[in-house]
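[1] Need the 3D shape of this:
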Amino acid sequence: MFKTLRYLMLLFLIISCSNNDGKMILTGHVKGLKKGTLFLQKIKDSSLVSIDSIAINGSSDFSFIEPVLEPEIYYLYVRLENGILNDDRIAFFAEPKPITIYTTLDNFATDAKVSGSINQNKLEEYNKIINRYSDRNLELIKESFNSRKKGNDSLADRLDKSQKSILAKKYLATVSFAY
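    So this is what the prediction gives:
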């Protein structure tokens, strides 16, 4: 405990003494991660690329310093020591300021708590709305399938129109968040 506290104090001292204009300082903790590698990733030329990594061996605290000119989405990804890759990625808005991520190894993406990014709240709100539309669309697909199975084509056609309406609403929600 004392050793971890000492490392954190040293990290904060380094951060406070250096000029970090235009740099994101990403720190955090992955509860339950003893050995593995954390990757900082972003999309470049329509491909997801790793731009930095850190090996975790014992302490599950991490820190990345990355130049960020403008807010954009980055990802945090974990590979365990035995080579197992988690399918979960933590998507977060990177900004040129300190950002903190706390999560657990068991529920890497779903337990993630991101703080320090103004745009992160907007991203989370957007994801909630899009998930709501996606859930409703899945319900409509199920209802349409069941109605076609029962031979009720008129109901299935109405449900298909509702699906198109949901898709249009999903696009409008995306456009409204873009502005």
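[2] Would you mark the buried spots in the one helix or strand residue 135 maps to?
    Residue 135 is part of helix 118-149, with elements assigned from DSSP states H and E. For helix 118-149, a neighbour-count test (16 or more other Cβ atoms under 10 Å) marks 120, 123, 126, 133, 136, 137, 140, 143, 144, 147 as buried. Every residue, glycine included, has its C-beta placed from N, CA and C.
[3] continuing past it, what's the next helix or strand?
    Using DSSP H and E, the helix or strand that follows helix 118-149 in sequence is helix 153-178.
[4] so how far is residue 90 from residue 109?
    Using Cβ to Cβ, to the nearest Å, residue 109 is found at 5 Å from residue 90.
[5] residues shared between the contacts of these two?
    residue 103 (Cβ atoms under 8 Å, 6 or more residues apart in numbering).
[6] so what pLDDT did the spatially most central residue of the chain get?
    The chain has residue 91 as the residue nearest its centroid, 1.8 Å off, counting by Cα atoms, centre = their mean. Residue 91 carries a pLDDT value of 91.
[7] Which helix or which strand is home to it?
    Using DSSP H and E, residue 91 falls in strand 85-94.
[8] Pull the CA coordinates from that strand and hand them back as CSV.
    Extracted as CSV, the C-alpha positions of strand 85-94 are listed here (Å, rounded to 0.1, in the frame of the first residue of the first chain):
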residue,chain,number,x,y,z
LEU,A,85,-7.2,-11.2,-25.4
ASN,A,86,-10.2,-9.6,-23.8
ASP,A,87,-12.9,-8.8,-26.4
ASP,A,88,-13.7,-5.7,-24.4
ARG,A,89,-12.3,-2.3,-25.2
ILE,A,90,-12.9,0.9,-23.2
ALA,A,91,-13.8,3.7,-25.5
PHE,A,92,-13.1,7.2,-24.1
PHE,A,93,-12.7,10.7,-25.4
ALA,A,94,-9.1,11.7,-25.2
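[9] same for that strand, what does it pack against?
    strand 72-80, strand 98-104, helix 118-149 (3 or more Cβ pairs under 8 Å, 6 or more residues apart in numbering; DSSP states H and E).
[10] before we move on, back to that, what about the helix holding residue 135, average pLDDT?
    On average, helix 118-149 scores 90.
[11] picking up where we left off before, what bridges to the residue nearest to the centre of the chain?
    Listed by DSSP bridges, the beta-bridge partners for residue 91 are residue 75.
[12] the domain parsing of this protein - what is it?
    2-116, 125-178 (automatic domain parsing).
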